[in-house]
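have a look; sequence and predicted model below, questions after that.
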Amino acid sequence: MKIFLVSAIALLSCNAFFAQNKESCKPQNLSCEHLTNPLGIDNPNPRLSWMINDPRQGATQNAYQIVVGKDSLEVVNNKGNMWDTGRKNADAILATYAGKTLEPFSRYYWKVNVWDKDGIQSSSDISSFETGMMNMKNWQGAWIGDGRNKDYKPAPYFRKVFDTQKKVKSARVSIAAAGLYELYINGEKIGNHRLDPMYTRFDRRNYYVTFDVTPQVQNGKNAIGVLLGNGWYNHQSMGVWDFHNAPWRNRPAFCMDLRLTYEDGTTEVIPSERDWKTSSGALIFNSIYTAEHYDARLEQKGWNTVNFDDSKWGGVRYRPVPSQNVTAQQVRPIRNVTRFEAKTINKINDTTYVFDFAQNMSGVTQLKISGEEGTVLRLKHGERLYDNGHIDMSNIDVYHRPVDSSDPFQTDIVILSGKGEDEFMARFNYKGFRYVEVTSSKPIQLDSSNLVAFFMHSDVPQVGEINTSSDLVNKLWWATNNAYLSNLMGFPTDCPQREKNGWTGDGHLAIETALYNYDGITVYEKWLADHRDEQQPNGVLPDIIPTGGWGYGTENGLDWTSTIAIIPWEIYMFYGDSKLLADCYENMKRYVNYVDRRSPEHLTSWGRGDWVPVKSRSNKELTSSIYFYVDTKILAKAAKLFNKQDDYIYYSALAEKIKDAINAKYLNKETGIYASGTQTELSVPLQWGVVPEESISKVAQSLADKVKEAGFHLDVGVLGAKAILNALSENGHVEAAYKVAAQNTYPSWGWWIVNGATTLLENWDLKAERDISDNHMMFGEIGGWFYKGVGGIFPDEAQPGFKHIILRPNFVEGLNHFEAKHKSPYGLIVSKWERKKNTITYTVEIPANSSATLYLPDYVKEKGTQKLEAGKHSFKYTLNKR
């Protein structure tokens, strides 16, 4: 018995060992087009990627095999009837589909097999993707509308009843809209997306979205309901940005195909057609820019269900296709992500209440209330309060140009039905706010259960985290993320209230912060498609994208519209995926060529300059010319990557000419000063590699002296804010950089935080009278700098996507511990340190199939360079006196 027991234990231990060994290297996180099991893929050659989960020291992938097929069981057994790469002796984790032609409306299963460092094979779980239309000719539905003109305010409702005669195996609905939509089947809202489809240049690109609606379709009769909103397509509100004059502007319309696959293998499509019916309803006005107005007395209960009496509804009309490019929306959707209850409620009188959600955010509020029929409630959303407790809109309504009082800014209007509890939440609008002032035409009682807020934004997964011994630093990182998410609505914006515009400068100035913290590639690929749609034949871009025509002025230049080069390059750096760079290559080339034609001396002042500086004004020709250099240098690197040798030679030479021209005119080599020596004029050349090698230390010292002279306070605008911390920390002055980053008196990032900010602001001066949004991202580099300047985590241009990681940690005074985490395409990177007197314990984690080079600063006794393989590493260092 004893022998048997021992043998059993040994057998169990042996099995456990082999089970652990078998799973020690497993491919996971499979994605298609950077999404998980996506529906409605239109790309005929989608990108497939994965990550290796292998905690062993030195873990690598020596080979891989991708198997794609229509039969999941065959794929499990490594039989792919669509694509089988065979064993590829490579450590790549990203591949572009190169199998048989993908068919529309088809589900494909795929897996990846990998061989680890010991040659042992392991397999992923099965993943899938489904193709969509693949081509506009595959649509069966017609574009339909309600026949009203673009100035008619009530939103159009549509419905259709259909019958399923056989048992449904699967159902997929694809819907495109000019404007915005909500889709219902049998009374149930389909999906949890908000503001679908994404905003585009509607006369050049339109998106459709695909949903699996198998659970909602029932045997027998079914009802489809569609509610359309204006969005940016039909901008009825008046503002300085001229969206009411957009060339595409029209009454909203939609096109839909509901594809049913029956158990017997046959298919049927229920399309949008002239047999649909339409009516108006309770949503009497909607504006993406201002608000919504809802009259609960006009609610048609059950309008999207089978048994509703639609005898009073009218017919629909055909509408032209908005563009000849109706394509799949493969973008992380906008959602109501976080719910907030009011922290305080101030009852001003029996008809007025002010709710404080203690968090500035983009989003909507949800009202649930009962009251007398015809009672009118106004829900005013804002960021600030007057001393008397009412909402102050003066910092955000400055560009609204209403023709009358019927469209108040950021103010929803709700009229109660008097028939029990009414519920309202804006469907086709969002706002920027912390406070909501509810005023009623009749006395009411309100508490926290009546009004809640939802932080609404593109639901991008978080991939980064900063945690330190400094409460200020932690709050700065948190506030930066709040500002970033508040300004991510399928494209990056400047602010979620006053403008909601896709300002190009704000987008590229914050791109590293964005990518260290969030998996945003699908959003940026969408936005750069907007860039390509907006670009003029000569190469010029507007400084807000998308645009209805505004933004082609005299200052839409390099410091702003360099998005066309900088963002594709940073996506390549962070993901190791060159598709966006390739897609934008010719656009970058046209852009650089345009500037080159206008700049015979290789210098240009085309741009906006160092926007919203503290006090010092910086030379615009200097900063714009530097961005000309940056774009040209990126173009040359891209040319080399794509084997365009002639372009590589030409643009490399052009970049050097630009650099030489800048330094010849603006650098005083004796003093180490550019131009007049402002913080921006010194930091921007350092940040972007314009300073000659022999002058770097002198220029960096000049900058450090300038910062010290200002008491480690900022004297920069947006261009300097992007550059100054990097220019210091990467050129021998990290302590000065940290003192600026952690400064808590004016002017500084920290000054906002100690004054109660929960997001980043638009102006350093809290008492400024213009440019005073309280939720802006243009000064957002601070959030990304913590990963770089203190954590020391950098991608390697030679092996992008963090295939190889450059580690340059800095053990700055003022922090006792610091931790930066970033989930790269290869897995989690951790750079963590703790100080005890003059000893540093440094812990680093390198993901499987990746490696790193560690560069220690000069003030570490054990300074030097060390190669690190995948796995966890811990070191102790002694700090020299500084």
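The structure has been received and is ready for your questions.

pretty sure residue 294 sits against residue 415.
Yes: using Cβ atoms under 8 Å, residue 294 is in contact with residue 415, at 7.1 Å. From N, CA and C alone the C-beta is placed, and that goes for glycine too.

higher neighbour count, those two?
Taking other Cβ atoms under 10 Å, residue 294 and residue 415 do not tie; residue 294 has more neighbours (28 against 22).

where does the chain dip in pLDDT?
1-23 (pLDDT under 70).

quick one: buried residues of the lengthiest strand in the chain?
For the chain, the strand that runs over the most residues, judged by DSSP state E, is strand 352-369. Neighbour-count burial for strand 352-369 flags 352-355, 357, 359-367, 369 (criterion: 16 or more other Cβ atoms under 10 Å).

which one of these is nearest residue 795?
Nearest to residue 795, judged by Cβ to Cβ, of the buried residues of strand 352-369 is residue 362 at 29.2 Å.

what about the residue lying closest to that closest one once chain neighbours are set aside, distance to residue 648?
Once flanking residues are discounted, residue 362 sits nearest to residue 496: 3.6 Å by Cβ to Cβ, 6 or more residues apart in numbering. Plainly put, residue 496 is 41 Å away from residue 648 if you go by Cβ to Cβ, to the nearest Å.

those two: which has the busier surroundings?
Using other Cβ under 10 Å as the criterion, residue 496 and residue 648 rank with residue 496 on top: 31 against 18.

from memory the more buried one sits against residue 484, does it?
No: taking contacts as Cβ under 8 Å, residue 496 lies outside contact range of residue 484: 11.2 Å.

quick one on the thing from earlier: looks to me like the residue nearest to residue 362 is in a helix.
No: read with DSSP: H, G, I helix; E, B strand; the rest coil, residue 496 is coil and lies in no helix.

contacting residues for it?
By Cβ atoms under 8 Å, 6 or more residues apart in numbering, the residues touching residue 496 are 361, 362, 430, 431, 432, 486, 487, 489, 775.

need phi/psi at residue 134.
phi 70, psi -20 (degrees, to the nearest 10).

again with residue 790
According to degrees, to the nearest 10, residue 790 has phi -110, psi -50.

what about it, neighbour count?
28.

quick one: it and residue 814 touch, right?
No: in this structure, residue 790 is not within contact of residue 814 by Cβ under 8 Å, at 10.2 Å.

so for these two, which residues contact both of them?
Here residue 790 and residue 814 have residue 738 as joint contacts, going by Cβ under 8 Å, 6+ apart.

list phi and psi for the residue nearest to residue 362.
Dihedral pair for residue 496: phi -90, psi 10, per degrees, to the nearest 10.

quick one, helices of the stretch 401-550 of the chain?
Per DSSP state H, counting those that start in this stretch, the stretch 401-550 of the chain carries helices over the ranges 471-486, 504-509, 511-517, 521-534.

can you tell me which of these comes nearest to residue 28?
Taking Cβ to Cβ, helix 521-534 is the member of the helices of the stretch 401-550 of the chain nearest to residue 28, at 18.5 Å.

tell me which residues are up against stretch 615-630.
Taking Cβ under 8 Å, 6+ apart as the rule, stretch 615-630 contacts 557-559, 562, 565-566, 592, 595, 599, 602-607, 609-610, 655, 658-659, 661-662, 666, 674-676, 678-681, 684-685, 688, 690, 715-717, 719-720.

out of the residues you listed, which end up buried?
557-559, 562, 565-566, 592, 595, 599, 602-607, 609-610, 655, 658-659, 661-662, 666, 674-675, 678-681, 684-685, 688, 690, 715-717, 719-720.

about what we covered before: keep only those of the contacts of stretch 615-630 that are in strands.
residue 674.

now the strands: where do they sit in the stretch 51-200 of the chain?
Ranges of strands in the stretch 51-200 of the chain, per DSSP state E, counting those that start in this stretch, are 61-69, 83-84, 94-96, 107-116, 121-123, 127-130, 144-145, 157-164, 168-178, 180-185, 188-189.

next one: the stretch 351-500 of the chain
Secondary structure of the stretch 351-500 of the chain by DSSP E, counting those that start in this stretch: the strands cover 352-369, 376-382, 384-385, 391-392, 411-415, 422-425, 431-440, 451-458, 464-468.

what sits against residue 109?
68, 69, 70, 71, 72, 75, 126, 127, 128.

how about 10 Å then?
When contacts are counted by Cβ atoms under 10 Å, 6 or more residues apart in numbering, residue 109 touches 67-76, 80, 82, 126-129.

could you identify the most distant pair in the residues you listed?
73 and 129 (17.5 Å).

ok, those two, which is more surrounded?
The residue with more neighbours, out of residue 73 and residue 129, is residue 129; 26 against 10, by other Cβ under 10 Å.

which residue packs closest to that one, ignoring adjacent ones?
Spatially, and ignoring its direct neighbours in sequence, residue 129 is nearest to residue 32 (4.0 Å; Cβ to Cβ, 6+ apart).

is the nearest residue to residue 136 once chain neighbours are set aside in a bridge, and if so with what?
Closest residue in space to residue 136, ignoring its immediate chain neighbours: residue 326 at 5.5 Å, by Cβ to Cβ, 6+ apart. Beta bridges link residue 326 to residue 206, judged by DSSP bridges.

you'd agree residue 326 is up against residue 203?
No: using Cβ atoms under 10 Å as the test, residue 326 is too far from residue 203 to be in contact (11.9 Å).

looks to me like residue 569 is in a helix.
Yes: the assignment for residue 569 by three-state DSSP puts it in a helix.

when you give positions from now on, start the count at 35
All right, first residue 35 from here; so that's residue 603.

please report how far residue 528 lies from residue 535.
Distance of residue 528 to residue 535, given as Cβ to Cβ: 6 Å.

same check on residue 338?
Remark: distance between residue 338 and residue 535 (Cβ to Cβ) = 34 Å.

also residue 867?
Distance of residue 867 to residue 535, given as Cβ to Cβ: 40 Å.

returning to what we had before: need the residues touching each of residue 328 and residue 449.
In terms of Cβ under 10 Å, 6+ apart, residue 328 and residue 449 are both contacted by the residues 316, 318, 411, 456, 458.

now do the contacts for the residue lying closest to residue 762 once chain neighbours are set aside.
Excluding its sequence neighbours, the residue lying closest to residue 762 (Cβ to Cβ, 6+ apart) is residue 771, at 3.7 Å. With contact set as Cβ under 10 Å, 6+ apart, residue 771 has these partners: 737-738, 741, 746, 758-765, 819, 823-824, 844, 846.

go again using 8 Å as the cut-off
With contacts defined as Cβ under 8 Å, 6+ apart, residue 771 is in contact with 758, 759, 760, 762, 763, 819, 823.

coming back round to it: relative to residue 796, which of the strands of the stretch 85-234 of the chain is closest?
Checking these against residue 796 by Cβ to Cβ gives strand 214-219 as the closest, at 27.4 Å.

what residues does that closest one touch?
Strand 214-219 is contacted from outside by 207, 209, 223-225, 229-231, 245, 247, 250-251, 256-265, 267, 286, 288, 290, 322, 338, 461-462, using Cβ under 8 Å, 6+ apart.

that one vs strand 191-198, what angle?
Taking axes from the mean of the first three to the mean of the last three Cα atoms, to 10 degrees, strand 214-219 and strand 191-198 form an angle of 30 degrees between their directions.

how about strand 214-219, which residues are buried there?
Neighbour counts over strand 214-219 (16+ other Cβ under 10 Å) mark 214, 215, 216, 217, 218, 219 as buried.

who does it pair up with?
Sheet pairing for strand 214-219, assigned by DSSP bridges, gives strand 222-223 (antiparallel), strand 254-263 (antiparallel).
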